[in-house]
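J.: This is the structure alone, sequence omitted:
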């Protein structure tokens, strides 16, 4: 099972801080570096500084050599499909290696309102996602002159240059709704399961296998990954101190153990032995990759420890 790090790039992080985290992850052997795609800061105060995900990844692409880069995920409401296809292709050329592009429906209503993005109801955003996935894939690998007429987008006489080689890796996902699984089975290279315990992940991945089979797709041709938070330390006082710092940063009051209690079943939490047991539990669900949310990318000790634990899987 591979390990990738996901940072909440909207949490008042400068470009230099994000670059430092990516370089550290690459240096210790973590295989992937992903960031969220948001324009409004959260959790905590909404008035903190934010950066554009793809602009940041373009910079990081030129300052790293081997680590896989991508978003998890870019909302379809932020960019037209042709724009998204072009941006990803350009950053992949800058990186000199394959990018992993996550696409989703978007969910944060207030940032859409504050930045002037449309935010239709969920059913409509899901339709937009399916159309965007079809268009993006066709622009990247379809024939010249391809046309599409959908409910939300249309393309006429497509001529996309340069064609990306290889075609970027597409990730979709969510909490495992039937529609999300059908979308992944039809369009995606990887399905990323969020907000799940290892036990639930095993059940959801079995449902995903059935969805692929019903769609006529070999289940093992669709990679599956799980998203998990991370709050680990070499000792109990160390990881508790980290959670206190995170809580202070987002303005959360209370006892750290109480904050962690509802998250323990689905996060990597605690000492090395505890975190390693959770990693192995996710691995045993059939996940080919664990997407680990690094809640405070300004500290690197957790990345060092994560890489050590991965070596013990």
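T.: Great, that's in hand. Since the model is a prediction, treat every value here as computed from it, not as a measurement. Residues are numbered from 1 along each chain as shown.
J.: measure residue 9 to residue 64 for me?
T.: Separation of residue 9 from residue 64 (CB to CB, to the nearest Å): 16 Å. For every residue, glycine as well, the C-beta is placed using N, CA and C.
J.: higher neighbour count, the two?
T.: Applying other CB atoms under 10 Å to residue 9 and residue 64 shows that residue 9 carries more neighbours, namely 25 against 19.
J.: what's the offset of stretch 162-171 from the middle of its chain?
T.: In terms of CA atoms, centre = their mean, to the nearest Å, the gap separating the centre of stretch 162-171 from the centre of its chain is 17 Å.
J.: So what touches the longest helix along the chain?
T.: Longest helix of the chain, by residue count under DSSP state H: helix 122-141. Residues from elsewhere that reach helix 122-141 (CB atoms under 8 Å, 6 or more residues apart in numbering): 76-77, 81-82, 84-85, 88-89, 103-106, 119-120, 146, 148, 150-153, 155, 158, 160, 163-164, 167-168, 170, 172, 179, 183, 186-188.
J.: Give me the buried entries from the residues you listed.
T.: 76-77, 81-82, 84-85, 88-89, 103-106, 119, 146, 148, 152-153, 155, 158, 160, 164, 167-168, 170, 172, 183, 186-188 (16 or more other CB atoms under 10 Å).
J.: Without its sequence neighbours, what residue ends up closest to residue 66?
T.: residue 26 (6.3 Å; CB to CB, 6 or more residues apart in numbering).
J.: Might one say that that neighbour is in contact with residue 33?
T.: Yes - the pair residue 26 / residue 33 is scored as a contact, 7.2 Å apart, by CB atoms under 8 Å.
J.: can you give me the strands in the stretch 101-250 of the chain?
T.: Remark: strands assigned in the stretch 101-250 of the chain by DSSP state E, counting those that start in this stretch are 148-149, 154-155, 169-174, 190-193, 223-232.
J.: so which of the ones you listed comes closest to residue 313?
T.: Ranking those by proximity to residue 313 (CB to CB) places strand 223-232 first, at 13.8 Å.
J.: returning to what we had before: buried residues in the longest helix of the chain?
T.: 125-140.
J.: cool, stretch 294-307 as well?
T.: For stretch 294-307, a neighbour-count test (16+ other CB under 10 Å) marks 294-298, 300, 302-303, 305-307 as buried.
J.: ditto for stretch 258-272
T.: Those would be 259-260, 264, 266-270, 272, for stretch 258-272 by 16+ other CB under 10 Å.
J.: Next, the distance between the ends of it.
T.: End-to-end distance for stretch 258-272, by CA to CA, to the nearest Å: 20 Å.
J.: tell me the mean pLDDT for that stretch?
T.: The pLDDT scores in stretch 258-272 average 95.
J.: ok, residues contacting it?
T.: With CB under 8 Å, 6+ apart as the test, stretch 258-272 has contacts from 195-197, 228-236, 239, 243, 247, 252, 275, 278-279, 292, 305-306, 308-309.
J.: let's see it at 6 Å
T.: The contact list for stretch 258-272 (CB atoms under 6 Å, 6 or more residues apart in numbering) reads 196-197, 228-232, 275, 278.
J.: Just flag the most distant two among these.
T.: 196 and 232 (18.6 Å).
J.: between the buried residues of stretch 258-272, which is nearest residue 224?
T.: residue 266 (15.8 Å).
J.: tell me which element the closest one falls in.
T.: Counting by DSSP states H and E, there is no helix or strand that carries residue 266.
J.: Taking the centroid of the chain, which residue is nearest it?
T.: residue 72 (2.2 Å; CA atoms, centre = their mean).
J.: What pLDDT does the model give that residue?
T.: pLDDT for residue 72: 98.
J.: Likewise for residue 45?
T.: 89.
J.: Next: residue 234.
T.: 97.
J.: Next, count neighbours for it.
T.: By the measure other CB under 10 Å, the count of residues near residue 234 is 14.
J.: where's it relative to residue 18, distance?
T.: For residue 234 relative to residue 18 (CB to CB), the value is 25 Å.
J.: Residue 249: neighbour count?
T.: Counted with other CB under 10 Å, residue 249 comes out at 17.
J.: quick one, helices of this protein?
T.: With DSSP H as the criterion, the chain has helices at 15-27, 53-63, 81-95, 109-115, 122-141, 178-187, 198-214, 236-250, 256-260, 272-283, 301-311.
J.: what angle separates the fifth one from helix 178-187?
T.: Calculated by axes from the mean of the first three to the mean of the last three CA atoms, to 10 degrees, helix 122-141 forms an angle of 10 degrees with helix 178-187.
J.: How far off centre is helix 122-141?
T.: Relative to its parent chain, helix 122-141 has a centroid offset of 18 Å by CA atoms, centre = their mean.
J.: and residue 25, how many neighbours?
T.: 27.
J.: Number the residues from 863 up from this point.
T.: Taking 863 as the first residue, the last one we looked at is residue 887.
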